[in-house]
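Novice: Need coordinates for the following:
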Amino acid sequence: MTKRFAMSVFAALLSASALSAADNILVASSSSHTIEEFSPTGAWMKTFATTGGYAPVSIAQSPLTGEFFVTVQIPSGDSNRILRYHADGTFDANWDTFIVTCENCGGGDTESMLFNSEGDLYVATHYGGAAGYAVNIYKYLAADLQQANPQQWPAVIATGMIRGDQMAFRSASEICIAGFIDEDVKCFNIYSGVQTADYYAEIHASKVSPIIEPGGLAFDSAGRMYLTSVFGGQVARELAPGGPIVQLAQVASAPVELDGNLVMMGNSLYTTTYSTSPATPGTPDSLVAISMTTGAVTPLISGSAAPHLGSAHLWGAYNILFVASQPLVRPVQ
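Specialist: As a prediction, this is how the structure comes out:
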């Protein structure tokens with residue numbers, strides 16, 4: 001942003017704001033080029049932010065500053081551009097942005113983002129495969145994110161994957177990434193970049209049908225993995241670390257896909273549905289909650305009868321983010 005914030009001021013002023021006290025829900029609505037805000041019960045509250053000519057995909061919030069970061073895709077053509085917003089959803093001018101640059105990764109198109117507790121941002125490129133390109137994971141240090149054009153940490157995690165979908169931490173030292181084209185999840189040491197796990201064999205040994213094409217990814221405190229399958233519409237889980245992987249719920253079927261992320265809160269998993277049919281006022285997308293114990297699917301933002309009318313605001317729903325329900329006070333600049 002044009003006025004960068006002092007990290008020490010942020011830490012002092014936001015320490016009482018409890019950024020981790022997640023209540024309200026932000027959803028990236030790509031077709032309407034907005035980020036919509038909903039209450040914990042799914043009631044629409046407001047358009048939290050607009051994205052101009054950019055179609056939003058992934059949303060991440062700094063645990064230190066409260067700033068929001070948004071990856072984008074077509075139709076803007078700037079799919080390696082990250083939008084940056086103040087904690088209240090405002091921006092300085094013309095959408096504060098910076099560009100992700102990369103080598104040997106097909107141009108730097110991005111999708112998934114993930115903050116660690118220190119405020120460092122991990123960004124994965126979206127596509128590999130063509131001309132020998134592969135998906136890379138880049139790191140931006142918290143201090144560097146205060147710059148108008150932050151520079152990436154020199155060390156790069158080269159995943160060797162064709163598609164980069166959701167990332168998740170498996171442990172404090174491991175970052176994992178799903179790829180639906182690869183039908184795989186791989187994990188890497190965040191310091192050395194060395195691969196620590198490959199779930200391909202476990203995924204293909206699963207009896208979930210059709211074969212799991214992982215898009216959303218989460219791990220519980222016991223290290224068990226949870227996945228969405230993009231085209232099959234299932235949510236799957238490991239019964240124990242190392243498998244087997246079984247189906248937890250059937251959430252969607254064609255022409256509806258599970259293109260968003262998977263978020264674990266309490267005893268529930270949350271994800272969005274994405275209709276591949278042309279978006280109309282009568283075909284909004286939705287957000288559902290899945291019980292981690294029973295697999296029961298509950299429409300949270302469903303667009304059906306009151307009070308679940310919120311998805312009339314969602315077309316092309318991608319990633320979701322839980323945020324503090326009380327507005328954050330912007331620090332002195």
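Novice: now the helices for the chain?
Specialist: 7-14, 200-205 (DSSP state H).
Novice: looking at the ones you listed, which one has the lowest mean pLDDT?
Specialist: When the helices of the chain are compared by mean pLDDT, helix 7-14 comes last with a mean of 34.
Novice: Low-confidence regions, the protein specifically.
Specialist: Along the chain, the parts satisfying pLDDT under 70 run over 1-22, 74-78, 93-94, 103-108, 129-132, 278-283, 303-312, 324-333.
Novice: thought Gln61 was touching Ile320?
Specialist: No. The criterion here is CB atoms under 8 Å, and Gln61 misses it with Ile320 at 11.9 Å. (Each C-beta comes from the backbone N, C-alpha and C, glycine too.)
Novice: How many residues are close by Leu83?
Specialist: As a burial measure, Leu83 scores 22 neighbours (other CB atoms under 10 Å).
Novice: picking up where we left off before, now do the shared contacts for Gln61 and Ile320.
Specialist: Residues touching both Gln61 and Ile320 (CB atoms under 8 Å, 6 or more residues apart in numbering): none.
Novice: Send over stretch 209-216 as CSV, restricted to the C-alpha atoms.
Specialist: C-alpha atoms of stretch 209-216 as CSV (Å, rounded to 0.1, in the frame of the first residue of the first chain):
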residue,chain,number,x,y,z
SER,A,209,-15.5,-43.5,-6.4
PRO,A,210,-14.8,-41.8,-8.7
ILE,A,211,-11.2,-41.4,-7.8
ILE,A,212,-10.5,-38.5,-5.5
GLU,A,213,-9.3,-35.4,-7.4
PRO,A,214,-8.1,-33.3,-4.4
GLY,A,215,-8.9,-29.6,-4.4
GLY,A,216,-9.6,-28.6,-0.8
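Novice: Can you give me the buried ones in it?
Specialist: 212-216 (16 or more other CB atoms under 10 Å).
Novice: how near is Ile245 to Ala236?
Specialist: Distance, Ile245 to Ala236, by CB to CB, to the nearest Å: 5 Å.
Novice: correction: Tyr140
Specialist: The value you get for Tyr140 to Ala236, if CB to CB is used, is 31 Å.
Novice: which residues do Ile245 and Ala236 both contact?
Specialist: 206, 208, 212, 227.
Novice: List just the nearest of the residues you listed to Gly295.
Specialist: Val208 (12.5 Å; CB to CB).
Novice: want to throw the buried residues of stretch 209-216 into TSV with distance to Thr125?
Specialist: Shown next, in TSV, are those (distance: CB to CB, whole Å):
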residue	distance to Thr125
Ile212	22
Glu213	19
Pro214	17
Gly215	16
Gly216	18
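Novice: Now flag whichever of the residues you listed is closest to Ile35.
Specialist: Nearest to Ile35 among these, with distances taken as CB to CB, is Gly216, at 18.4 Å.
Novice: do you know how far that closest one is from Asn116?
Specialist: Applying CB to CB to Gly216 and Asn116 gives a distance of 19 Å.
Novice: swap in Phe91?
Specialist: Taken as CB to CB, the span from Phe91 to Asn116 is 24 Å.
Novice: Compare neighbour counts for those two and give me the winner.
Specialist: Phe91 (20 against 15).
Novice: you'd agree Thr51 is up against Val70?
Specialist: Yes. At 6.7 Å, Thr51 counts as touching Val70 under the criterion of CB under 8 Å.
Novice: Strands along the stretch 51-200 of the chain, start to end?
Specialist: 55-61, 68-73, 81-85, 97-99, 110-115, 121-125, 136-140, 157-158, 167-171, 174-179, 184-189, 195-198 (DSSP state E, counting those that start in this stretch).
Novice: Please name whichever of the ones you listed is nearest to Gly316.
Specialist: strand 55-61 (7.1 Å).
Novice: Would you mind listing the outside residues contacting that closest one?
Specialist: By CB under 8 Å, 6+ apart, strand 55-61 touches 19, 26, 28-31, 33-35, 67-76, 83, 87, 110-115, 121, 261, 316, 318-321, 323.
Novice: hmm, try it at 7 Å
Specialist: Outside strand 55-61, the residues that touch it by CB atoms under 7 Å, 6 or more residues apart in numbering are 19, 26, 28, 30, 33, 35, 68-76, 111-115, 121, 318-319, 321, 323.
Novice: Now list the buried members of those.
Specialist: For the contacts of strand 55-61, buried by 16+ other CB under 10 Å: 19, 26, 28, 30, 33, 35, 68-73, 111-115, 121, 318-319, 321, 323.
Novice: Run through who's touching stretch 38-49.
Specialist: 23-27, 34-37, 85, 89, 300-301, 307-308, 310, 313.
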